[in-house]
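# for reference, the sequence and a predicted model appear below.
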Amino acid sequence: MKRDDGRKVDEIRPMEIVAGVIKNADGSAMVRMGRTVAVAGVYGPREYLPKHKQRSDRGVLRCVYQMVPFSTDERVRPGPSRRSTEISLVTTHALQPAIFLEEFPKTVIDVFINIIQADAGTRTAGINAASVALADAGIPMRDLVASVASGKIGDHYVLDLAGKEEEATAADMPIACMPRTKKITLLQMDGDLPPQDIKGIIQLSLQGCEKIYALQVEALRKRWKL
Amino acid sequence: MKRDDGRKVDEIRPMEIVAGVIKNADGSAMVRMGRTVAVAGVYGPREYLPKHKQRSDRGVLRCVYQMVPFSTDERVRPGPSRRSTEISLVTTHALQPAIFLEEFPKTVIDVFINIIQADAGTRTAGINAASVALADAGIPMRDLVASVASGKIGDHYVLDLAGKEEEATAADMPIACMPRTKKITLLQMDGDLPPQDIKGIIQLSLQGCEKIYALQVEALRKRWKL
Amino acid sequence: MKRDDGRKVDEIRPMEIVAGVIKNADGSAMVRMGRTVAVAGVYGPREYLPKHKQRSDRGVLRCVYQMVPFSTDERVRPGPSRRSTEISLVTTHALQPAIFLEEFPKTVIDVFINIIQADAGTRTAGINAASVALADAGIPMRDLVASVASGKIGDHYVLDLAGKEEEATAADMPIACMPRTKKITLLQMDGDLPPQDIKGIIQLSLQGCEKIYALQVEALRKRWKL
Amino acid sequence: MNLQEEYMIGLAAKGTRLDKRGLADFRPVTIEKNPISKAEGSARVRMGNTEVIAGVKLDVGTPFPDKPDEGTLIVSAELSPIASPDFELGPPRENAIELSRVVDRGIRESGAIDAKKLCITPKEKVWTVFIDLQILNHDGNLIDACSLASIAALSYAVFPAYDGTRVDWFTKTTEKLPMTATPIAVTVHKIGRQPAYLLVDPTREEEDAATARLTVSTMDDGHVAALQKGEAEPFTLEEVEQAIQWSLAKGKELRALI
Amino acid sequence: MNLQEEYMIGLAAKGTRLDKRGLADFRPVTIEKNPISKAEGSARVRMGNTEVIAGVKLDVGTPFPDKPDEGTLIVSAELSPIASPDFELGPPRENAIELSRVVDRGIRESGAIDAKKLCITPKEKVWTVFIDLQILNHDGNLIDACSLASIAALSYAVFPAYDGTRVDWFTKTTEKLPMTATPIAVTVHKIGRQPAYLLVDPTREEEDAATARLTVSTMDDGHVAALQKGEAEPFTLEEVEQAIQWSLAKGKELRALI
Amino acid sequence: MNLQEEYMIGLAAKGTRLDKRGLADFRPVTIEKNPISKAEGSARVRMGNTEVIAGVKLDVGTPFPDKPDEGTLIVSAELSPIASPDFELGPPRENAIELSRVVDRGIRESGAIDAKKLCITPKEKVWTVFIDLQILNHDGNLIDACSLASIAALSYAVFPAYDGTRVDWFTKTTEKLPMTATPIAVTVHKIGRQPAYLLVDPTREEEDAATARLTVSTMDDGHVAALQKGEAEPFTLEEVEQAIQWSLAKGKELRALI
């Protein structure tokens, strides 16, 4: 099968990851997946105020995903939407298992994810950026989190959907995992698939996440000059 | 005078009252008056937070009236409106005199009234439900509060307006009272009436409230298996 | 040059200042400049709550400017706008240097400015009123603050723009100053002017402020029956 | 109950008040006609130290689908913190909402404006009447002061010029609003519990001590157009009848001032 | 982990639960058809002590510019504090938003409604389908209860009369909505970490102890229409497969109730 | 005044700063052209460690009734907490509002865009120009950085395709916006009180120590298009004149970078 942009079905888009792009943040990263660009900034761990929200046994992770107004064809209105609120929530859950939050009682770790250009896969690009930004902030982690959205076009499982593939696919399935253990931390799907295809697409995505993981590690190595 | 639904002028609509309909609530009740259905849930007395809002000499009663979006012909937008804010306020005042709030300093009693079907008289149905729900919660009360809206059509004083009678009446006058002492705790009126008619309509409504009161007591008896 | 309302280029509009117009306020004033009418009320210095906002070394000044809905040709929607938020901010900064805030640690001084009729120069009228209201409240001040907006029509520098002059002017430049030292506490300008004109218009406005200052002092004298 | 409150009740038992008024007496009331030339109509009402301005603005809008041939009315009251240390910044809270709704219904439901005469093109264009209330000083009895200012401003208002496309607020016509009646709200307050006393036009101090109130709007022909009980203390039927009588009498006096 | 939680995990290890159910068992489920006669369609779902009503309202509006010949769907869930001491007043928060979006996508993306048949005049007029969810008592598993109530209410709904200009909600037709399928959501919850156990239809108590959940929406033909993982504990691929199998089986049972 | 502040004032007295710059020196400034291909025009500006992106989006809307033949301009700046520990989530506060209004007026009131050329059909359809500002890192002098990014993005922007009914953002034309001038904002900050010193392009640290600022927008022809004083310390007329001179000189340098 020939994809619009010449990729093979199991190939991710050209991907660029740069850690440390925001000077003021404790950790940060920019991730470009094809034409989608996400920037993540991490502030914390810092004292969680007001105090009654603190957890005495662990820190709290808060992620805020938002699309910058000029990131899409039709301008996005600033401010939270129902969509961005949901993505913020599932992003928090996608990243949380990777962090040793129990080491930071009473604190909050804030992760801000701004999508500055959107062309499919913004939540996955955001998770990839946030994961690197958390590591860049020196926060102890079990593993990085890698994320990609895949689907099925015709008879093929297709990795890292882009552009008009989002309309052509029988289903759009974003996934995030901790690559070392292959544990799935984000899983969503909309569409129409027989059960066996779900397994196939998840397996394809898990492989894709390994490639992304390698790029994330490389970006951190470059940042730390290892 | 013949009414659309066959009732006599001094007859209330068929009325059903069931206490204890919401398992999670401390007290609850459903009231059906014709096609109007109100559900009330009581939570409390519970500590009033933030603390600076507490009253050291008595508890605070808070009622929130709202119409569920599908309760009317044209869908109601969710969230408070000026109308629902005002009804919440007059409902609170209608119920408050019946409660021994001085026995619960520093607490708040929350009453949530949801109108799930609306066909005239929603505030009065809500007060009737809330009153039973407060008793169901075991909160000490001077009396129950009963409520009904009446008016004048042609030369007749007409009890418990329903359906198109709201348009035909010279005035719409919802009232609430503590039936044992006939003290009036809610009184509103819009329309055009000579002063003497007001007395006549209030008296008719006070009689109607006695019938409602009997049904409220019966519902509580059934609930408590007396 | 002949102005629409017959004034000379260096003449302010007929101006009326009355101190003490709001009984409940600690200080207040009404200022009429032509058809523009501003009312200012001062409450404070009073304890600044919540406490974490208090400044231990000085008091805080807060000004809120708003236009009353019926003050303009086309009705203004109630509630803050981006415009009114900005004017509130520059008004606060225009008045703050005149007040010995260091004498009132932990307090807040609230200044509410309501424009009840608008015909050019509402922010300057508001500052003039607020300045008198602060003095009326007995708050120790280095100086009063006087304010006026001027511009350039044709070849003339024109003081205190009114009505259609706002459209005719090459630039609209509101200014506020402490007249005794001629220090400029507010300066804004929109339009198109060669640099040398700016100096000329500022000088004209500083002279205008002296006349306004005299009227402010007179109003306070009258209020205090001096 | 505090001492001040007890003292007021004691005075009321003797038929008098802190400021020597009788229980059924208003403070001096004045109405200033059209103090705001930018508004289509306006009125400044002073009741003692209470001072409010009502401004009427007119604009052309679309009718509600269920009343395609009637103009619309929007009454807004903000309790601006300029007028009292009790008021706070922010969107209108329940007290401000009740105030504006009581004023609104007193005008709307009484049919004081002939809404059909505000229709320009059925289903498409009608006049919208905005009444905005600015409280300048709050010393009690805002419902009566705001209601009076509103109906006065309506009766002073004229239409702006309208060429079928745009409203020209700068040019006012001499055409008055289609008013059919002059409803006047009088609020009777209750102080004490047992015994309780009724009084009108309370100061802010008296209002704080009051346990309940009943607003009665009456019409030129002696009919009642609206009732609204406020606060938590109950009323007896006899007290309601008393309130209506007082409102009719006081309403006549206030109506004469417009 | 508290004692109650440990106890539940111990029970799960033996394949049972606090209320004696098996891990793959639902509580008794009932659906009441059209309890709200004012709605175009409605359904009351009870799952044990959880009780929700879905109401469908229809109105005529404009289509989205990018889908000029399709009707629109708006799903709203408010977690009204009447239903649980955990819920607070105010605009929907993230949990209510996730709930309504999961219900929404389960219907929208599965194509359960033939959106093109909701078009009246392309680019101008289409039917808007509102689904509003009222929670009456929250005892766990709101996603499944709300999804079931929603699809049931849609299948019971009829169009109101429409004359090309105004909708007459008072007069209902007999024409049903253009439904093409009946997606059913079943949410599998996970309790414990290592070892972990899967179970369906948790009570509120079990839900509070659960570490993660996976909602699987299945169709009449055995296909999967939607997945949504919730909460922070990860799933393995094997657990996902298990969840899909359970959802297919339970979904068939629930679909039969409509 | 703290020690750091005193130290900065001491340096300023000698004509220098913490990072060795002269008082009238900017940090290195770079402009990246069209970094956002989805926007109709965009510019990334770096001033030292301050980094902002301005994105221009175009859409077709209705004109304001009082300017029926002119396009509209909407400038929005959100101070996203990604860029600084000082920024908080939520709707724009007064600082963000002042920032966007200063940028807006610098462009609008200078007539830099020929608004009449944005008219498609008078009274009905005009182009709306949205400028959105994304701060990526805040190290001071946001007004100048955002103003520069905005005017640069405008000058790089091209119209999307438009067939009279729908905008096709996917297809960009080669037609540029009708720009007539290039206003540049330079903000002069004041540190100390007596004596006080002026400097340009402060870092965040210097900005926190500054007591006042004056933004001067200048045009290609040496005219001044806008002034905006910020913060509470007053300026003398001499200081204003100094600020204008610096702004003219620095503005020329910055304009050359576009």
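Good, I have the coordinates.
# list the contacts for the residue nearest to A:G59 when sequence neighbours are not counted?
Excluding its sequence neighbours, the residue lying closest to A:G59 (CB to CB, 6 or more residues apart in numbering or on different chains) is A:F104, at 3.3 Å. For every residue, glycine as well, the C-beta is placed using N, CA and C. The contact partners of A:F104, by CB atoms under 8 Å, 6 or more residues apart in numbering or on different chains, come to A:P45, A:R58, A:G59.
# and if you look at D:D132?
D:D132 sits next to C:V68, C:P69, C:F70, C:R75, C:P78, D:A54, D:G55, D:K57, D:S76, D:A77 when contact means CB under 8 Å, 6+ apart.
# can you give me the helices for the stretch 151-258 of chain D?
In the stretch 151-258 of chain D, helices defined by DSSP state H, counting those that start in this stretch lie at D:204-209, D:237-255, listed in chain order.
# possible to save those helices as JSON lines with mean neighbour count and distance to D:S155?
Shown next, in JSON lines, are the helices of the stretch 151-258 of chain D (neighbours: other CB atoms under 10 Å in any protein chain shown; distance: least, CB to CB, whole Å):
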{"stretch": "helix D:204-209", "mean neighbour count": "18", "distance to D:S155": "27"}
{"stretch": "helix D:237-255", "mean neighbour count": "18", "distance to D:S155": "10"}
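# could you say which helix or strand contains the residue of chain D found nearest chain A?
Nearest to chain A in chain D, going by CB to the nearest CB, is D:P91, at a distance of 17.6 Å. Using DSSP states H and E, D:P91 sits within no helix or strand.
# near chain E, which residues of chain A?
Within chain A, the positions adjacent to chain E are A:82-83, A:85-86, A:88-90, A:92-93, A:96-97, A:173, A:177-178, A:182-195, A:198-199, A:202-203, A:206 by CB under 8 Å from any CB of the partner chain.
# and those, which of them are in helices?
Among the residues of chain A next to chain E, the members found in helices (DSSP state H) are A:82-83, A:85-86, A:88-90, A:92-93, A:195, A:198-199, A:202-203, A:206.
# which of the residues of chain A next to chain E are buried? Put it as a ChimeraX command.
A single ChimeraX command selects the buried members of the residues of chain A next to chain E (16 or more other CB atoms under 10 Å in any protein chain shown):
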select /A:82,85,86,88,89,90,92,93,96,97,173,177,178,182,183,184,185,186,187,188,189,190,191,192,193,195,198,202,206
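# mind checking which of the contacts of D:D132 are in helices?
Per DSSP H, the subset of the contacts of D:D132 in helices is empty.
# from those, which is closest to chain B?
Set against chain B, the nearest of those by CB to the nearest CB is D:S76 (9.6 Å).
# for that closest one, what are its contacts?
For D:S76, the contact set (CB under 8 Å, 6+ apart) comprises C:P69, C:P78, D:P92, D:S100, D:F130, D:I131, D:D132, D:L133.
# ok, now with 7 Å
C:P69, C:P78, D:S100, D:D132, D:L133 (CB atoms under 7 Å, 6 or more residues apart in numbering or on different chains).
# closest to E:L214 out of the helices of the stretch 151-258 of chain D?
Closest to E:L214 of those, according to CB to CB: helix D:204-209, at 57.9 Å.
# please pull out the lowest mean pLDDT helix or strand from chain A.
Every helix and strand of chain A was ranked by mean pLDDT, DSSP states H and E. The lowest is helix A:165-168, at a mean of 91.
# and the residue in the stretch 1-150 of chain D positioned nearest to chain E, how close does it get to chain F?
Per CB to the nearest CB, D:P65 is where the stretch 1-150 of chain D lies closest to chain E, at 6.6 Å. Plainly put, D:P65 is 22 Å away from chain F if you go by CB to the nearest CB, to the nearest Å.
# what about that residue, neighbour count?
11 (other CB atoms under 10 Å in any protein chain shown).
# now it: closest residue in space that isn't a chain neighbour?
Distances taken as CB to CB, 6+ apart put E:R166 closest to D:P65, at 6.6 Å, once the chain neighbours are dropped.
# same check on D:A249?
Excluding the flanking residues, the one nearest D:A249 by CB to CB, 6+ apart is D:A24, at 7.6 Å.
# I'd say that neighbour and D:V200 touch.
Yes. Using CB atoms under 7 Å, D:A24 is in contact with D:V200, at 5.8 Å.
# shared neighbours of those two, anything?
Counting by CB under 7 Å, 6+ apart, the residues touching both D:A24 and D:V200 are D:W246.
# more neighbours, those two?
Remark: of D:A24 and D:V200, D:V200 carries more neighbours, 23 against 17, as counted by other CB under 10 Å.
# relative to D:R21, how far out is that one?
Distance, D:V200 to D:R21, by CB to CB, to the nearest Å: 9 Å.
# and if you look at A:G79?
Counting by CB to CB, the separation of A:G79 from D:R21 is 53 Å.
# higher neighbour count, the two?
Neighbour comparison, A:G79 and D:R21: the larger count goes to D:R21, with 20 against 13 (by other CB under 10 Å).
# how about low-confidence regions in chain D?
Across chain D, the ranges flagged by pLDDT under 70 are D:1.
# near chain C, which residues of it? Just list them.
For chain D, the contact set with chain C under CB under 7 Å from any CB of the partner chain comprises D:36-39, D:42, D:49, D:53, D:55, D:57, D:59, D:76, D:78, D:80-85, D:89, D:91, D:130, D:132, D:134, D:136-139, D:169-170.
# okay, strands next: where are they in the chain?
No chain was given, so I picked chain A. Secondary structure of chain A by DSSP state E: the strands cover A:15-19, A:27-33, A:36-47, A:60-67, A:107-117, A:146-153, A:156-158, A:171-178, A:183-193.
# not quite, I wanted chain D
Ranges of strands in chain D, per DSSP E, are D:29-33, D:41-47, D:50-61, D:72-78, D:119-121, D:125-137, D:158-162, D:167-176, D:184-191, D:197-200, D:210-218, D:224-230.
# the closest residue in space to D:P81 that isn't next to it in sequence: neighbouring residues, count only.
Among residues not flanking D:P81 along the chain, D:F87 sits closest, at 4.5 Å (CB to CB, 6+ apart). By other CB under 10 Å, the residues close to D:F87 number 20.
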